[in-house]
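Sequence plus the predicted model coming up.
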Amino acid sequence: MRSLKIISILTIFFSVSFTGVPGAVFFPVNQPEHQFIYDLARRAEISGSFDDYNFNVAPYNFDRIELSYPLSGHISGIDQKHISAFAFLSEDFSSAGYARAQGYESIRGGAIARPHDKIYLYTNFLLDEKMQDDPDYTGKKWRGLAGEIENAFVAYGDKRMDIFLGRFSSFWGATDQSLVLSSTARPMDAFSFRFRWRIIDFTYQFAKLDRLEPPDSAGLFQNRYFAGHRLDFRPVKNLRIGLFETIVFGGPGRSVDLTYLNPIMFYHAVQLNEDVDDNTFLGLDFCWYINSRHKFYGQLMVDDMQVDDKAIGDQEPDEIGYMLGFHTLDLFDLLDLSARYLKITNRTYNQKLERNRYENRGSLIGHPFGPDGDNLQLTITRWFESSKKLSLDLAYQRRGEGRYDESWTEPWREYDGDYTEPFPTGVVEKNFRSSLKAFGFYKELAYIEFEAGLENIKNFENVPGDDRTIPFVHVRFSLIFQHLFKID
């Protein structure tokens, strides 16, 4: 009798979980062709077409959004009887003043499978000519190409929950280039889930980062890990607020910490109470929607902030970043306007212990702009249906001498009195950049990106008096191949 009750409960669970619509379709966020599709999704977000969906956490489930997008042929026809094999053959060409022109080839190939409507498998390899010149690349090279498994994950998705296991990229926030978790970060080997309950969305992710080599043959590798969680809620229909916390931790021979596997644990309290030197980040973001045409958003991330003023260490400057922006649809027919201001203070993302830096495999986990600078950007975009767009970008930025991966210094310990430092620090590089960009798909056979513009730079690379005017052009062209294989 008891066994029958258990079987009945399991039957009800799987009936609820694996029946009905929608299903699961997840595109990785770290590929240029897919980023175009995510831009389309954010237009749908602002229009209010899917106001019950949380667009602040990616990868998106495109089966829930039901958006008309390019590359839908990757998915259409894929069922329990078919697997989609695909390839992107790409050429990147760049030319700029003061540098010789460069061209790089890359090949992405992989497969998509859906053994069930709610279960989605995605895997692809990457062979890249540019990657072989990356000093952080440690893998094999073949005929001038470096390679890796770029994405490889299995995902489950339904109306209440998404679950990911494998290697993938993601972002948390109102834009794909977030302060806390950005699409530009290298893919992580991770486990993640998102749970929706009425006006609340809860997200958790745990990942293994690249390890550090031991200082000598007798030493141990320093294992490194990432954990993070965020809570999104909608107090009113047109306002979404998110609270997040992440942590980078590790050490010689250190294994997975069960404390940080707890998705509802307050990590900052743990590392304070247990007196361990891990690196926590706290913050919040918001999105405010007006008349299904306007979106105002912001994000604040705190790496370290001094509350007391008692000890010498309390003179350490605050390490924070924040972003404010807006996005307006259809100023005229399919003409959008967006603007954003970003500021990140010196030493943000850095830490005195190299293992606690907020990076993975040579790239920042957070915003790629990095610390010690600010950026103001204005973009006007004209869409041509859902497969092409033309943009005018204007940007002004300042960059100080601070970097997230430089040696940690504590000048406040040698200073008598209240320590302050300018923002940005040291010699400041100032850059005004203007460019015209074109993006688009030709049916589902090709994708092209084109950008041409001009940079006016003062104190180039933080060298005083080195002023340059640099014209530039960048072209990326991809041929797209896709075929459905019947496996039944």
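Structure's in. What do you need? Numbers count the residues shown, from 1 in each chain.

so where do the strands sit in the stretch 201-350 of the chain?
Along the stretch 201-350 of the chain, counting by DSSP state E, counting those that start in this stretch, strands occupy 222-236, 239-252, 279-290, 294-304, 319-332, 335-344.

Okay, buried residues for the longest one please.
Of the residues in strand 222-236, those with enough neighbours to count as buried (16 or more other C-beta atoms under 10 Å) are 222, 223, 224, 225, 226, 227, 228, 229, 230, 232, 233, 234. Quick note: C-beta positions are derived from backbone N, CA and C, even for glycine.

Out of these, which one has the lowest pLDDT?
Of all these, residue 222 carries the smallest pLDDT score, 90.

Out of the helices and strands in the protein, which is least certain?
helix 2-17 (a mean of 40; mean pLDDT, DSSP states H and E).

Any regions of the stretch 151-300 of the chain where pLDDT drops low?
For the stretch 151-300 of the chain, applying pLDDT under 70 flags the ranges 215-218.

pretty sure residue 157 contacts residue 60?
No - contact criterion C-beta atoms under 8 Å: residue 157 and residue 60 do not qualify, at 9.8 Å.

Mutual contacts of these two, please.
Contact criterion C-beta atoms under 8 Å, 6 or more residues apart in numbering; residues shared by residue 157 and residue 60: residue 26.

quick one: contacts for residue 94?
Residue 94 makes contacts with 101, 102, 103, 472, 473, 474, 475, as judged by C-beta under 8 Å, 6+ apart.

give me that answer again for 7 Å
Residue 94 is in contact with 101, 102, 474, counting by C-beta atoms under 7 Å, 6 or more residues apart in numbering.

among the residues you listed, who's most crowded?
residue 474 (16 neighbours; other C-beta atoms under 10 Å).

pLDDT at that one, what is it?
97.

For residue 68, state which of the contacts of residue 94 is nearest.
residue 474 (28.1 Å; C-beta to C-beta).

coming back round to it: export the contacts of residue 94 to TSV and tack on secondary structure and distance to residue 334?
Below are the contacts of residue 94 laid out as TSV (DSSP: H, G, I helix; E, B strand; the rest coil; distance: C-beta to C-beta, whole Å):
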residue	secondary structure	distance to residue 334
101	strand	34
102	strand	34
474	strand	24
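
just the residues you listed now: which is nearest residue 73?
With C-beta to C-beta as the yardstick, the closest approach to residue 73 among the contacts of residue 94 comes from residue 474, at 27.1 Å.

shouldn't the closest one be in contact with residue 439?
No - with contact defined as C-beta atoms under 7 Å, residue 474 does not reach residue 439; the gap is 11.7 Å.

hang on, isn't residue 382 packed against residue 334?
Yes - with contact defined as C-beta under 7 Å, residue 382 and residue 334 form a contacting pair (6.2 Å).

Overlap in contacts, these two.
Here residue 382 and residue 334 share no contacting residue, scored by C-beta under 7 Å, 6+ apart.

What are the boundaries of the helices in this structure?
Counting by DSSP state H, the chain has helices at residues 2-17, 32-47, 62-65, 267-273.

contacts for the shortest one?
Right, the one you point to is helix 62-65. With contact meaning C-beta under 7 Å, 6+ apart, helix 62-65 is reached by 22, 23, 24, 25, 27, 41, 44, 50, 53, 69, 157.

Who does the last one form a beta bridge with?
Put plainly, it is residue 157. residue 162 (DSSP bridges).

what's the neighbour count on it?
Residue 157: 25 surrounding residues under other C-beta under 10 Å.

give the contact list for it.
Counting by C-beta under 7 Å, 6+ apart, residue 157 has contacts 23, 24, 26, 61, 63, 118, 120.

Spatially, what comes nearest to the last one if we skip its sequence neighbours?
Going back to what we said before, that points to residue 120. residue 24 (4.2 Å; C-beta to C-beta, 6 or more residues apart in numbering).

tell me, how many neighbours does the nearest residue to residue 192 once chain neighbours are set aside end up with?
Using C-beta to C-beta, 6+ apart and skipping the chain neighbours, the partner closest in space to residue 192 is residue 205 (4.0 Å). By other C-beta under 10 Å, the residues close to residue 205 number 23.

And for residue 53?
Residue 53: 18 neighbours (other C-beta under 10 Å).

cool, residue 456 as well?
Residues lying near residue 456 (other C-beta under 10 Å) number 14.

shouldn't it be in contact with residue 472?
No - counting by C-beta under 7 Å, residue 456 does not reach residue 472; the two are 11.8 Å apart.

for the residue lying closest to residue 68 once chain neighbours are set aside, phi and psi?
In space, and not counting its chain neighbours, residue 68 is closest to residue 386: 5.5 Å by C-beta to C-beta, 6+ apart. Dihedral pair for residue 386: phi -120, psi 20, per degrees, to the nearest 10.

which residues touch residue 386?
40, 68, 69.

how near is the last one to residue 24?
Using C-beta to C-beta, to the nearest Å, one obtains 16 Å as the distance from residue 69 to residue 24.

and if you look at the first one?
Look at residue 40 and residue 24: by C-beta to C-beta, they are 19 Å apart.

Same check on the second one?
Counting by C-beta to C-beta, the gap from residue 68 to residue 24 is 18 Å.

what about the two, which has more around it?
Counted by other C-beta under 10 Å, residue 68 and residue 24 do not tie: residue 24 has more neighbours, with 22 against 10.

So for the more buried one, what's the pLDDT?
Reading off the confidence values, residue 24 has pLDDT 91.

my guess is it contacts residue 118, does it?
Yes - using C-beta under 7 Å, residue 24 is in contact with residue 118, at 5.1 Å.
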